[in-house]
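Undergrad: coordinates only, sequence not included:
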């Protein structure tokens with residue numbers, strides 16, 4: 001039970017940091033519309049990026065005919081390993097981009 005709570009806390013922290021980095025980027029670029037909030041726009045982009053990464057990983061695994069387990073256990077939860085990898089990359093991507101020095 002403690003592992004599940006720790007995993008959930010880590011995922012929520014990563015989600016919060018990624019969302020905050022995206023909102024900050026939208027506000028700095030002045031690319032904020034009147035209707036959708038920066039948070040909703042950042043969340044939609046996170047889901048889109050994770051979905052694109054997931055589809056790319058599925059095609060790569062299929063093309064290379066790799067054998068992967070159907071599920072892996074993370075903190076007591078059974079999840080698809082490609083979905084977990086896609087979500088992790090999508091959450092880390094805005095953080096890494098915000099730490100990259102600006103030109």
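TA: Received the coordinates, thanks. Since the structure is predicted, the reported quantities are computational estimates derived from the model, not experimental observations. Numbers count the residues shown, from 1 in each chain.

Undergrad: only C-alpha atoms for contact and neighbour calcs from this point on.
TA: Fine.

Undergrad: now residue 26: which helix or strand?
TA: The secondary structure element spanning residue 26 is helix 2-29 (assigned by DSSP states H and E).

Undergrad: same for that helix, what does it pack against?
TA: Applying 3 or more CA pairs under 8 Å, 6 or more residues apart in numbering; DSSP states H and E, one finds that helix 2-29 contacts helix 38-64, helix 81-99.

Undergrad: tell me which of these sits nearest to residue 18.
TA: Relative to residue 18, the nearest member of these by CA to CA is helix 81-99, separated by 5.6 Å.

Undergrad: tell me the buried residues in the closest one?
TA: Judged by neighbour count (16 or more other CA atoms under 10 Å), helix 81-99 contains these buried residues: 81-84, 86-87, 89-91, 93-95.

Undergrad: and the pLDDT at the closest residue to residue 71 other than its chain neighbours?
TA: For residue 71, the nearest residue in space outside its immediate sequence neighbours is residue 80; the separation is 4.6 Å by CA to CA, 6 or more residues apart in numbering. According to the predicted model, the pLDDT of residue 80 comes to 92.

Undergrad: low-confidence ranges, the protein, go.
TA: 1, 31-36, 102-103 (pLDDT under 70).

Undergrad: run through the residues that contact residue 5.
TA: With contacts defined as CA atoms under 8 Å, 6 or more residues apart in numbering, the neighbours of residue 5 are residue 75.

Undergrad: what do you get if the cut-off is 6 Å, keeping everything else the same?
TA: Contacts for residue 5 were tallied using CA atoms under 6 Å, 6 or more residues apart in numbering; there are none.
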